[in-house]
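Undergrad: Mind folding the following:
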Amino acid sequence: MAEITASMVKELRERTGLGMMECKKALTEAQGDMKAAEDLLRIRSGAKASKAATRVAAEGVVAVAIHADARVGALVEVNCETDFVAKNEEFMDFARAAAECVVHNNPATVEALAQCSLPGGGVLEDVRQALVMKLGENMTLRRFTRYETTGHLAQYKHGQKIGVLVDMIGGDGALGRDIAMHIAASKPVCVSRTEIPAELLQHEREIYTAQAAESGKPAEIIAKMVEGRVQKYLAEVTLVGQPFVKNPDQTVEVLLKSRGASVQRFSMLVVGEGIEKKVENFADEVAAAAGTMA
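TA: As a prediction, this is how the structure comes out:
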């Protein structure tokens, strides 16, 4: 069985919000399988699905660029090693240049983006390499999103770490920014329930069924309990089903309809999402070094 470390217990606690001993016990029963332990705790405690389980900290910025006619826009994530470099003006200029390259050149891949020509000559990769030499850190063009629309695009940035791009029909710029801000705050999975991935919905239904079965109620009551939880889940993770962040008394769907607007799609990039960052334990390193020297 895999060793149950303190960091594993800490991660599971952050995912579920439950106590350390509960998390350690679940990890032990699941033989160190983090996902299985999380599901086990959710079944036993009724805990909600984690919204940010994969959002591991890493440094960098998200840059946004939108054409003047608001018909073409892009989000780009550029990573570096430290927050100090992430705040460097030249690094941020590089990220903004990358976003402009996505808008104007429509590259198919990150590799193609790196070879995009710049207005002043050279290619984006040349700038990256020069910055690596100057600032002394590795830098990567990680990912991007590009939208073209017959409607209009709106965007919102929360600091330099979160960027949202929204494709809308109807409404105005102020409404578009409000919707983009709401997405950054509430983190919906998709626009409407018809877009929920079938495997994700099935997984949630299985969790709710197992939770309801713990109650010992009759099968027909359990079925109603599960359906109620599924409907609540759909409202929580879909943009149009969520209470509007600036006025929780109305849903985003009601707000959009009142303004004669609709959201076609959206994209949100969070710096470091899904990047596993090595955690250094300097005390262990010193102890190991001392043991080696001895």
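
Undergrad: so where do the strands sit in the stretch 151-294 of the chain?
TA: Taking DSSP state E, counting those that start in this stretch, the strands of the stretch 151-294 of the chain run over residues 152-158, 162-169, 243-244, 247-251, 262-270.

Undergrad: Deepest in the core, which of the ones you listed is it.
TA: Neighbour counts (mean count of other C-beta atoms under 10 Å) averaged over each of those peak at strand 162-169, with a mean of 24. Using the backbone N, CA and C atoms, a C-beta is placed for each residue, glycine as well.

Undergrad: List the neighbouring strands of it plus their orientation.
TA: Note on strand 162-169: by DSSP bridges, its sheet partners are strand 152-158 (antiparallel), strand 262-270 (antiparallel).

Undergrad: Just send the strands of the stretch 151-294 of the chain back as TSV, with distance to Ala30 and mean pLDDT too.
TA: Listed next are the strands of the stretch 151-294 of the chain as TSV, based on distance: least, C-beta to C-beta, whole Å; pLDDT from 0 to 100:
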stretch	distance to Ala30	mean pLDDT
strand 152-158	35	96
strand 162-169	32	97
strand 243-244	34	96
strand 247-251	36	96
strand 262-270	27	96
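
Undergrad: Tabulate the CA atom coordinates of stretch 221-241 in PDB.
TA: Once non-C-alpha atoms are left out, stretch 221-241 reads as follows in PDB (Å, rounded to 0.1, in the frame of the first residue of the first chain):
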ATOM      1  CA  ILE A 221     -37.600   8.000  -1.900                       C
ATOM      2  CA  ILE A 222     -33.900   7.500  -2.800                       C
ATOM      3  CA  ALA A 223     -34.700   8.000  -6.500                       C
ATOM      4  CA  LYS A 224     -36.400  11.300  -5.700                       C
ATOM      5  CA  MET A 225     -33.500  12.400  -3.400                       C
ATOM      6  CA  VAL A 226     -31.000  11.600  -6.200                       C
ATOM      7  CA  GLU A 227     -33.000  13.500  -8.800                       C
ATOM      8  CA  GLY A 228     -33.300  16.500  -6.500                       C
ATOM      9  CA  ARG A 229     -29.500  16.500  -5.900                       C
ATOM     10  CA  VAL A 230     -28.800  16.200  -9.700                       C
ATOM     11  CA  GLN A 231     -31.000  19.200 -10.500                       C
ATOM     12  CA  LYS A 232     -29.300  21.200  -7.700                       C
ATOM     13  CA  TYR A 233     -25.900  20.200  -9.100                       C
ATOM     14  CA  LEU A 234     -26.900  21.300 -12.600                       C
ATOM     15  CA  ALA A 235     -27.900  24.700 -11.300                       C
ATOM     16  CA  GLU A 236     -24.600  25.100  -9.400                       C
ATOM     17  CA  VAL A 237     -22.300  24.300 -12.300                       C
ATOM     18  CA  THR A 238     -24.000  25.900 -15.300                       C
ATOM     19  CA  LEU A 239     -23.600  29.500 -16.000                       C
ATOM     20  CA  VAL A 240     -27.300  30.200 -16.700                       C
ATOM     21  CA  GLY A 241     -28.400  28.300 -13.600                       C
END
